[in-house]
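My questions concern the predicted model and sequence given below.
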Amino acid sequence: MDNIQDLENQLLAQIKNLLSQINSNILQLESLNAYEKNFNENPYYLYNYQMQEINNLINSMKLLIGVLESIKDYITLYYKEISKNPYITPSIKIEILGQINNGIKEVKSLIDRLFIEIEILTNNLQRF
């Protein structure tokens, strides 16, 4: 890689690829839902479709984690690029870092809340 922009472009391509894979999983889920309508009375087929759906959902969540990891790497490169740029004043660098930190804290809070809700949901469903 020649420079940070090349690395950033590589990370953006990686993010795009992961999002494309998530979209593919969504299309598969839509297809499975359509098949489920036809086999609603057959427990064997219904079980297979349900298991495929769960696997697709879990795989999509894993891909989302991959997207977040790539974004983290992108932010790291972005900050390194800014910190080495002599034309950006220290006060602007501090402001950029603060914005990054605030954004990350907000996203972390959203993710934490989401996973707590998922845990509560799955615990409640296990009781039935």
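Structure's in. What do you need?

For the residue in the chain sticking out farthest from the centre, which three-state class applies?
What lies farthest from the middle of the chain is Glu41; by Cα atoms, centre = their mean that is 34.8 Å. In three-state terms, and counting by DSSP: H, G, I helix; E, B strand; the rest coil, Glu41 is coil.

State the distance from it to Gln14.
Counting by Cβ to Cβ, to the nearest Å, the gap from Glu41 to Gln14 is 43 Å. Every C-beta, even on glycine, is put in place using the N, C-alpha and C of the backbone.

Can you show me the helices along the protein?
For the chain, the helices defined by DSSP state H cover 4-38, 43-84, 90-126.

From the contact counts, what lies against the longest one?
Read it as helix 43-84. helix 4-38, helix 90-126 (3 or more Cβ pairs under 8 Å, 6 or more residues apart in numbering; DSSP states H and E).

Count the neighbours of Leu121 for me.
10 (other Cβ atoms under 10 Å).
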